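Visitor: following is a predicted model, sequence given first.
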Amino acid sequence: MNYETLLCEVKDQVGRVTLNRPEVLHALNAKVFNELEHAFVTMTGDVAVRVILLTGAGEKAFAAGADINELARLDVATGEAKSRRGQEVFRTIETCGKPVLAAINGFALGGGCELAMACTIRVASETAKLGQPEVKLGLIPGYGGTQRLPRLVGQSTALKLLLTGEIIGAAEALRIGLVDEVVPANRLMERCEELAKTMVSMAPLAIAGCMEAVRWGSELGLVAATDVEAEIFGRLCGTADKAEGTKAFLEKRAPVWAGR
């Protein structure tokens, strides 16, 4: 499908979704939400896609935040609906069952930072800037930021960022755990593609199982979460990929995954 706000392609089992509104630094509006949802649902259902790479076109921004023109027109009812819609789309990304790598190539502010946090792994360029400056607009993050940020960096660090609206650089984001790696700007896509290639080489059902177990672990208590882990482990023991993986290891050869 041709999108108005995105560029999408699939190559070597990696789907690439690129936000493409450079004139507004890829600000997130209703059209972007609709197209992001469609793109991720499509790639989730495509067996040719094993990993998804999300970024913004150019070097200035991953996504600079929500579209302020849209925000200015919101009232109580439409504001809540807008928040719920963003949460729904970001949850679709977070739970798609395939690794989503955020290549943060500039500003990731407000909704853009929230979008990055909904991804599985965040790799930032040295020039990236991240933050949740919604308090400067008389708002709070509405697309999951008040919930995902404390889970990533801890409650007090999250509150410091939320209550001051501070924008931080890539090095500080790495120190507090908001991003997972920082690389030179000219190596950002290369590094993300290296990570994607490594994940593509692994058993796809095991990749999905790891993500499912970790996700439930963040939402359940330890006992319930380890029950989920045991169920997933057992489920994978009945797959052709587990049989192939153990056989290939014993035969000292590379496995050939069937995804079943």
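Guide: In hand now; what should we look at?

Visitor: from the chain's centroid, how far away is the helix or strand harbouring residue 207?
Guide: Secondary structure from DSSP states H and E places residue 207 in helix 204-219. Averaging C-alpha coordinates over helix 204-219 and over its chain gives two centres that are 14 Å apart (CA atoms, centre = their mean, to the nearest Å).

Visitor: in the protein, which spans are strands?
Guide: Per DSSP state E, the chain has strands spanning 6-11, 14-19, 51-56, 61-63, 100-104, 107-109, 121-125, 129-131, 167-169, 181-183. These are given in chain order.

Visitor: those strands into TSV, with extra columns for mean neighbour count and mean pLDDT?
Guide: (C-beta placed from N, C-alpha, C; glycine too.) As requested, the strands of the chain are arranged in TSV below (neighbours: other CB atoms under 10 Å; pLDDT from 0 to 100):
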stretch	mean neighbour count	mean pLDDT
strand 6-11	15	96
strand 14-19	23	97
strand 51-56	26	97
strand 61-63	28	95
strand 100-104	27	98
strand 107-109	26	96
strand 121-125	25	98
strand 129-131	24	97
strand 167-169	16	97
strand 181-183	18	97
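
Visitor: need the ones you listed in TSV (columns: distance to residue 224).
Guide: Supplementary listing: these in TSV, determined by distance: least, CB to CB, whole Å:
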stretch	distance to residue 224
strand 6-11	37
strand 14-19	32
strand 51-56	29
strand 61-63	34
strand 100-104	25
strand 107-109	33
strand 121-125	25
strand 129-131	32
strand 167-169	35
strand 181-183	31
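
Visitor: ok, residue 76 - how many residues close by?
Guide: By the measure other CB atoms under 10 Å, the count of residues near residue 76 is 7.

Visitor: any idea how far it lies from residue 82?
Guide: From residue 76 across to residue 82, the span is 11 Å (CB to CB, to the nearest Å).

Visitor: please apply the same query to residue 39.
Guide: The spacing between residue 39 and residue 82, counted by CB to CB, is 20 Å.

Visitor: one more: residue 227?
Guide: 37 Å.

Visitor: without its sequence neighbours, what residue ends up closest to the residue nearest the centre of the chain?
Guide: Within the chain, the residue whose C-alpha comes closest to the C-alpha centroid is residue 119; the distance, by CA atoms, centre = their mean, is 1.1 Å. Among residues not flanking residue 119 along the chain, residue 102 sits closest, at 3.9 Å (CB to CB, 6 or more residues apart in numbering).
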